[in-house]
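**Student:** Sequence and predicted structure below; questions after.
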There are 2 protein chains.
Amino acid sequence: MNKLIETLKENDCKVTLQRIAIYETLKDTKTHPNAETIYKQLSPKYPTISLATVYKSLELFVSLGLIQAINVEENSFRYDGNSKPHPHLICSNCKKVEDLDEHPFSDLGQQVEALSGYQIEKQQLNFYGYCPDCIQKS
Amino acid sequence: MNKLIETLKENDCKVTLQRIAIYETLKDTKTHPNAETIYKQLSPKYPTISLATVYKSLELFVSLGLIQAINVEENSFRYDGNSKPHPHLICSNCKKVEDLDEHPFSDLGQQVEALSGYQIEKQQLNFYGYCPDCIQKS
DNA sequence: ATCCGTGCAAATTATTTGCATATGG
DNA sequence: CCATATGCAAATAATTTGCACGGAT
């Protein structure tokens, strides 16, 4: 939370109730919600918040490097309160998106730079398959 | 092209001019176009083709494993005539999407399976940065 | 007091769907 | 023939935008 407030101030952005609530919602979950889901979660507590504000705030947070947007094979973006790049696991059955925290892939970007001549700024590693829960149930 | 015709027949789908043209357009390019772009490219030659048909055909090809859909940080899907998984390089400046053909990442899926307990079916490796051309120009 | 952020509604963009017609096997 | 595919238009879904008002600094 301090991180948010600090970063907003450093960038001459106002610290508003809405921004705090949206950021907090995202930090409190590991479900990688999309904008609509965050909005619905906030609505009961903040009935006047608007979906447009959710979109605008998320976009701001992404641009400030506070969170990351992730593209899984869905029609909407999902958001991750952890801005550090890390692989995501997507269950094709239950559609959950999990983080893979312990992973040996941190130097992939450098390998790709050497192979391609690109200057890599960001990587997105998505692994689609079936989660242990869904495997067991089937 | 034979691959397309064979696969369509094996799956009791009709071999139509539209499907051939759409598949061919995708196979002939390395630009990873989206549906709209494919449609515009076909329009001069096939003025009656419809965007809906392009969408439907692409969806069919993906489900038959003939091509792959890729999500880069854009609002539309792009398509790749090569259905084998391979990393993509996305230039944040000129927005081009390239394949990384020679890469040592083919066993990443197995590593992820071991780490996570997921059964991995598909992986998507996207590297965002600046391409050699754009680096030179800047 | 000033300017930025919010909320609302309308606009835009991508994609999907329903259905009548056309066409491949 | 007959089922499937096409083309059109309308519907849906996600996101963005414009603008007047309100609130933070």
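**Tutor:** Great, that's in hand. Being a predicted model, the structure only gives us computed values, none of them experimental.

**Student:** burial count for A:Gln123?
**Tutor:** Using other CB atoms under 10 Å in any protein chain shown, A:Gln123 has 19 other residues around it. No exception for glycine: its C-beta is placed from N, CA and C like everyone else's.

**Student:** A:Leu108 is in contact with that one, correct?
**Tutor:** Yes - at 6.2 Å, A:Gln123 counts as touching A:Leu108 under the criterion of CB atoms under 8 Å.

**Student:** and for those two, which residues touch both?
**Tutor:** Common neighbours of A:Gln123 and A:Leu108, counting by CB atoms under 8 Å, 6 or more residues apart in numbering or on different chains, are B:125, B:127.

**Student:** Tell me how many other residues crowd the closest residue to A:Lys14 other than its chain neighbours.
**Tutor:** Nearest residue to A:Lys14, sequence neighbours excluded (CB to CB, 6 or more residues apart in numbering or on different chains): A:Leu8, at 7.0 Å. If you count neighbours by other CB under 10 Å, A:Leu8 ends up with 20.

**Student:** list the contacts for A:Leu8?
**Tutor:** A:14-15, A:19, A:64 are the contacts of A:Leu8 under CB under 8 Å, 6+ apart.

**Student:** now swap in A:Tyr55 and tell me
**Tutor:** A:Tyr55 neighbours (CB under 8 Å, 6+ apart): A:Ala35.

**Student:** And DNA strand D, is the strand or helix carrying A:Lys56 touching that?
**Tutor:** According to DSSP states H and E, A:Lys56 maps onto helix A:51-63. Yes - judged by CB under 7 Å from any atom of the strand, helix A:51-63 and DNA strand D are in contact via A:51-52, A:55-56, A:59.

**Student:** List just the nearest of those residues to DNA strand C.
**Tutor:** Closest approach between the residues of helix A:51-63 next to DNA strand D and DNA strand C, by CB to the nearest atom of the strand: A:Ala52, at 3.6 Å.

**Student:** Confirm for me that A:Phe105 is in contact with B:Asp107.
**Tutor:** No - with contact defined as CB under 8 Å, A:Phe105 does not reach B:Asp107; the gap is 11.6 Å.

**Student:** more neighbours, these two?
**Tutor:** Neighbour count, other CB under 10 Å: between A:Phe105 and B:Asp107, A:Phe105 has more, with 18 against 8.

**Student:** Contact partners for the residue nearest to A:Leu42 when sequence neighbours are not counted?
**Tutor:** Excluding the flanking residues, the one nearest A:Leu42 by CB to CB, 6+ apart is A:Ile49, at 5.3 Å. Residues near A:Ile49 by CB under 8 Å, 6+ apart: A:18, A:21, A:39, A:42-43.

**Student:** Of the residues you listed, select the buried ones using a PyMOL command.
**Tutor:** Here is the PyMOL selection string for the buried members of the contacts of A:Ile49, based on 16 or more other CB atoms under 10 Å in any protein chain shown:
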select buried, chain A and resi 18+21+39+42
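
**Student:** how about the residues of chain A that lie near chain B?
**Tutor:** A:69, A:71-73, A:87, A:89, A:91-92, A:98, A:100, A:102-105, A:108-109, A:111-113, A:115-132, A:135 (CB under 8 Å from any CB of the partner chain).

**Student:** at 7 Å instead, please
**Tutor:** Taking CB under 7 Å from any CB of the partner chain as the contact definition, chain A meets chain B at A:69, A:71, A:73, A:87, A:89, A:92, A:100, A:102-103, A:109, A:112, A:115-132, A:135.

**Student:** In helices only, show me the residues you listed.
**Tutor:** Mapping those onto helices (DSSP state H) picks out A:109, A:112, A:115-116, A:132, A:135.
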